[in-house]
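Visitor: Turn this into a structure:
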Amino acid sequence: QYSFKEVFGTLVAQKQLFDVVAKPLVEDLIHGKNGLLFTYGVTGSGKTHTMTGSPGDGGLLPRCLDMIFNSIGPFQAKRFVFKLDDKNGVDVQCEVDALLERQKRDAMPVPKTPAGKRQMDPEFADMINVQDHCRVEEVDEDNVYSVFVSYIEIYNNYIYDLLEEAPFEPIKPKWNSCTTPVRNGDLIPPQSKLLREDQNHNMYVTGCTELEVKSTEEAFEVFWRGQKKRRIANTQLNRESSRSHSVFIIKLAQAPLDADGDHVLQEKEQITLSQLSLVDLAGSERTNRTKAEGNRLREAGNINQSLMTLRTCIEVLRENQMYGTNKMVPYRDSKLTHLFKNYFDGEGKVRMIVCVNPKAEDYEESLQVMRFAEMTQEVEVARPVDRALCGLTPGRRLRNQAFREELSRRLELRGGPISGETEEQPVVEMFLQDFPPLPSCELLDVNDDQTLPKLIEVLEKRQKLRKMLSEDFAKNVLAFKAMLQELESSVASKENYIQGKLSEKERTITGQKMELERQEKRIKTLEYKIEILEKTTSIYEEDKRNLQQELESQSQKLQRQASDKRRLEARLQGMVAETTMKWEKECERRVAAKQLEMQNKLWVKDEKLKQLKAIVTEPKPEKPERPSRERDREKPAQRSLSPPPVPNAAPVRLRHRRSRSAGEKWVDHKPPSHLPTDTVLQPRVPRAIKVAAASEKALAKCDKYMLTHQELASDGEIETKVIKGDVFQTRGGGQAVQFTEIETLKQESPTGRKRRSSPSKPEPPEDSEWTDVETRCSVAVEMKAGSALGPGYEHHAQPK
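Guide: Residues are numbered from 1 along each chain as shown. Have a look, this model is predicted:
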């Protein structure tokens with residue numbers, strides 16, 4: 001599954017495809033931005049059909065041309081006002097130079113028919129008959145526009161001009177690739193073109209034919225003329241397979257009108273040149289399917305190589321964007337990617353149409369195409385486009401047009417030119433009406449003495465009125481002069497003020513220019529530092545990748561060692577389990593043998609005891625005592641140092657000393673399973689709190705702890721252990737016990753007594769076995785040397 005921004009079915013109309021894909025690019029073109037649209041897919045998937053269309057249903061290219069001319073139709077400049085140079089630039093010519101160019105064009109031997117009277121080729125007449133009348137809504141009406149088109153193809157990684165007219169010279173012989181002259185009528189192959197970079201770092205084809213067109217029909221006729229020269233061939237997958245990448249370039253030059261709205265502004269900085277490139281890529285193919293040989297095989301290899309370079313460039317751009325790297329993009333590996341390097345660097349929008357053929361034979365190729373197309377969606381490189389500001393008032397063209405219409409209307413109403421006398425005449429007539437009317441000056445009688453006095457009186461009134469008007473006029477003139485002087489003084493003061501402001505602004509601008517220069521130098525320094533940092537970062541990133549690889553190898557090594565260790569541990573555990581089981585069986589065997597041996601010994605001991613009992617209970621005859629027996633009877637008397645112990649009484653202390661536990665409170669812990677013993681020596685501590693289970697309440701009242709523990713010894717006797725410890729308070733408010741020492745009380749049978757062979761060599765009780773009851777009692781009472789415990793306790797552990 002692959003996801004795209006838009007997916008079109010097999011029955012989609014060309015208009016719907018154009019509205020979604022190509023219409024935004026045409027709008028950007030008219031607004032001064034660049035655009036690139038190309039079709040990509042397997043051979044025979046419909047790329048050329050999508051771009052060109054079919055009779056009765058034009059494709060993307062004729063619809064783009066129709067939308068451009070529908071939008072700028074009334075605002076087009078006259079032919080040759082804009083003139084392209086050979087360095088990917090554009091100049092503005094004055095009206096005289098443009099007129100001379102047009103006259104020179106009209107004087108050519110083959111005259112060009114006007115666009116309105118041109119007879120269209122019936123091959124493509126139906127393709128450009130678009131009835132949609134689509135146009136851009138927001139078009140700057142104060143600009144003039146001109147459209148230039150060019151058509152090139154990239155064949156075997158060489159660029160050829162499809163609009164170039166090959167010069168025909170019948171006298172000069174032509175040479176073919178075998179360095180032999182050919183006939184004059186033979187077709188000479190065109191020369192390949194070179195790529196250059198202009199001053200704005202944009203790529204262009206040098207010496208490429210660029211024609212100025214004024215209508216959709218003229219532009220498509222130029223395209224169709226170049227389309228006939230494009231290289232196509234018949235393969236097993238496509239009857240008319242494109243063997244080259246074709247690029248149809250539409251350049252739109254626009255410049256603002258002057259302040260009067262009549263002529264183009266003669267400033268090259270105000271010209272905006274935008275470009276829309278429509279690319280029909282050749283399809284990728286597998287030679288084992290097309291059965292290509294010879295030239296077809298070479299063409300397929302170059303096509304696949306250029307498409308692979310395009311894929312590599314996109315992948316490097318994606319990697320640089322996602323991981324922040326700065327890898328060099330291999331644009332120069334192919335003419336196709338080198339030509340459109342600026343688009344991939346952010347100089348305009350790029351749109352790609354993926355054409356897919358649902359045939360089962362194209363399954364693998366279609367997967368590769370869609371995988372690459374899906375990956376290209378993750379590449380986003382945007383760069384703002386700065387447009388020059390002309391600073392003129394908008395709406396100049398409309399105001400100039402309205403002024404001309406009003407002027408022509410007034411001339412029609414007056415029927416001729418405007419005269420100054422027609423306007424001054426009513427003013428003079430109104431001025432003369434203020435004077436008194438002249439009486440009749442006709443004298444009919446000599447004695448008439450009324451006509452002349454009346455005439456004199458009227459003339460005097462007129463004289464007085466004229467004098468008054470003259471005085472008023474003189475006053476008005478003086479007042480007007482005063483007003484003019486005042487106005488001149490105010491204008492002079494304002495001019496001085498404006499000059500001061502201008503000088504101040506100039507100083508500010510000069511300071512800002514100096515600041516800009518300083519900032520530019522700083523920017524250059526920072527850019528140099530950034531470049532150094534980027535190089536350092538790349539070095540560090542390379543080291544990081546090497547270290548990561550080393551870390552991964554070490555981690556893999558550690559994982560292998562860990563797995564080996566786990567296997568060894570499992571093996572050792574198996575061996576340990578096997579050995580443990582073996583020794584357990586051996587121990588069970590030895591324990592069983594030991595138990596059998598002990599049972600035999602016990603049986604022998606019981607038999608001896610029975611015999612001893614029989615001997616003791618048997619009455620003895622009186623016999624004279626021997627001296628040796630007397631010594632034997634006296635010897636224990638001399639060795640006995642204390643009377644026999646009294647049952648349930650405390651042992652006699654030979655050394656009177658104060659116990660360490662005096663003044664301390666004890667907790668005497670005896671479990672419920674404790675069995676009372678009838679030994680003479682018993683653990684006894686005064687002031688002790690006796691408990692059957694240890695509790696925090698009892699421990700809180702005491703500072704010493706004693707646990708009485710009983711267990712069965714190896715000889716079958718009960719062995720009592722007294723475990724002592726100190727009680728202290730924890731940080732959480734509870735009680736804790738720290739064990740310090742253990743005392744042991746043990747009983748033994750007197751049957752193990754041995755007679756001493758010589759009384760002259762007594763052995764110390766510390767290192768020898770106890771031989772009789774008296775010896776054991778004396779040791780128990782006297783204790784061992786250095787012991788700090790009370791009598792009757794044997795000390796087996798050192799204090800902690």
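
Visitor: what about residue 480, is that helix, strand or coil?
Guide: In terms of secondary structure, residue 480 is helix; the call rests on DSSP: H, G, I helix; E, B strand; the rest coil.

Visitor: measure it to residue 93 for me?
Guide: Using CB to CB, to the nearest Å, one gets 50 Å for the distance from residue 480 to residue 93. Yep, even glycine has a C-beta here, placed from its N, CA and C like the rest.

Visitor: Check residue 357 too.
Guide: Here the distance between residue 357 and residue 93 works out to 49 Å (CB to CB).

Visitor: and the spatially most central residue of the chain, how far is that from residue 505?
Guide: Among the residues of the chain, the smallest C-alpha distance to the mean C-alpha position (CA atoms, centre = their mean) belongs to residue 322, namely 5.1 Å. Taken as CB to CB, the spacing of residue 322 relative to residue 505 amounts to 49 Å.

Visitor: My guess is residue 84 contacts residue 249. True?
Guide: No - the criterion here is CB atoms under 8 Å, and residue 84 misses it with residue 249 at 11.5 Å.

Visitor: Sketch out the low-pLDDT regions of the stretch 301-450 of the chain for me.
Guide: Low-confidence segments of the stretch 301-450 of the chain, defined by pLDDT under 70: 381-393, 395-396, 414-436, 438-441, 443.

Visitor: Recalculate using a threshold of 90.
Guide: By pLDDT under 90, the weakly predicted segments of the stretch 301-450 of the chain are 301-307, 314, 317-327, 342-349, 357-366, 368-369, 371-450.

Visitor: all helices for it, in order.
Guide: In the stretch 301-450 of the chain, helices defined by DSSP state H, counting those that start in this stretch lie at 335-339, 341-344, 363-376, 396-414, 421-432, listed in chain order.

Visitor: can you put the ones you listed in a markdown table and add distance to residue 567?
Guide: Rendered in a markdown table, the data for the helices of the stretch 301-450 of the chain read as follows (distance: least, CB to CB, whole Å):
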| stretch | distance to residue 567 |
| --- | --- |
| helix 335-339 | 53 |
| helix 341-344 | 53 |
| helix 363-376 | 42 |
| helix 396-414 | 89 |
| helix 421-432 | 119 |
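
Visitor: And the ones you listed: which comes nearest residue 69?
Guide: Between residue 69 and the helices of the stretch 301-450 of the chain, the shortest separation by CB to CB is 18.4 Å, and it involves helix 396-414.

Visitor: next one: the closest one to chain centre, how far?
Guide: Chain-centre distance of helix 396-414: 60 Å, with CA atoms, centre = their mean, to the nearest Å.

Visitor: Give me the contact list for that helix.
Guide: Under the criterion CB atoms under 8 Å, 6 or more residues apart in numbering, residues 75, 141-142, 257-262, 417-418 lie in contact with helix 396-414.

Visitor: hmm, try it at 7 Å
Guide: 141-142, 257, 259-262 (CB atoms under 7 Å, 6 or more residues apart in numbering).

Visitor: Please check those and keep the buried ones.
Guide: Restricting the contacts of helix 396-414 to buried positions leaves 141-142, 257, 261, with burial counted as 16 or more other CB atoms under 10 Å.

Visitor: hang on, the earlier thing: and the helices of the stretch 301-450 of the chain: which comes nearest residue 605?
Guide: Between residue 605 and these, the shortest gap by CB to CB is with helix 363-376, which sits at 94.8 Å.

Visitor: Which residues does that closest one contact?
Guide: With CB under 7 Å, 6+ apart, helix 363-376 has contacts from 2-4, 40-42, 284, 311, 314, 318, 352, 354, 356-357.

Visitor: Looking at those residues, which one is closest to residue 65?
Guide: Among those, and counting by CB to CB, the member closest to residue 65 is residue 352, at 20.6 Å.

Visitor: ok now do the closest one, which residues does it touch?
Guide: Neighbours of residue 352 in contact, by CB under 7 Å, 6+ apart: 38, 40, 373, 376.

Visitor: measure the third one to residue 38 for me?
Guide: Between residue 373 and residue 38 the computed distance is 11 Å (CB to CB).

Visitor: More neighbours: these two, which one.
Guide: Relative neighbour count places residue 38 above the other of residue 373 and residue 38, with 21 against 18, counting by other CB atoms under 10 Å.

Visitor: helices and strands around the helix or strand where that one lies, which ones?
Guide: Residue 38 is part of strand 35-41, with elements assigned from DSSP states H and E. With contacts taken as 3 or more CB pairs under 7 Å, 6 or more residues apart in numbering; DSSP states H and E, strand 35-41 sits against helix 23-30, helix 47-52, strand 272-280, strand 349-355, helix 363-376.

Visitor: now with 6 Å?
Guide: In this structure, strand 35-41 packs against helix 23-30, helix 47-52, strand 272-280, strand 349-355, with contacts taken as 3 or more CB pairs under 6 Å, 6 or more residues apart in numbering; DSSP states H and E.

Visitor: So for the first one, mean pLDDT?
Guide: When pLDDT is averaged over helix 23-30, the result is 93.

Visitor: Going by neighbour count, list what's buried in it.
Guide: Going by neighbour count (16+ other CB under 10 Å), the buried part of helix 23-30 is 23, 25-30.

Visitor: ok, now the second one?
Guide: Of all the residues in helix 47-52, those buried under the rule 16+ other CB under 10 Å are 47-48, 50-52.

Visitor: Please apply the same query to the last one.
Guide: In terms of neighbour count (16+ other CB under 10 Å), strand 349-355 has its buried residues at 349-350, 352-355.

Visitor: And those residues, which is closest to residue 97?
Guide: When the buried residues of strand 349-355 are ranked by distance to residue 97 (CB to CB), residue 349 comes first, at 35.1 Å.

Visitor: What residues are bridge-paired with the closest one?
Guide: Per DSSP bridges, the residues bridged to residue 349 are residue 35.

Visitor: which stretches of the stretch 151-300 of the chain have low pLDDT?
Guide: Where the stretch 151-300 of the chain drops into low confidence, which here means pLDDT under 90, it does so at 155-157, 164-192, 198-202, 224-244, 257-271, 281-300.

Visitor: ranges for the helices of it?
Guide: According to DSSP H, counting those that start in this stretch, the helices that the stretch 151-300 of the chain contains are 216-227, 287-290, 295-323.

Visitor: Map the structural domains onto the sequence of this protein.
Guide: The chain is divided into the following domains under the TED database: 14-107+124-167+190-377, 451-534, 686-744.

Visitor: Next, the distance between the ends of the longest one.
Guide: End-to-end span of domain 14-107+124-167+190-377 (CA to CA, to the nearest Å): 23 Å.

Visitor: With the shortest one instead?
Guide: One end of domain 686-744 sits 19 Å from the other (CA to CA).

Visitor: Quick one: mean pLDDT over it.
Guide: Computed over domain 686-744, the mean pLDDT rounds to 86.
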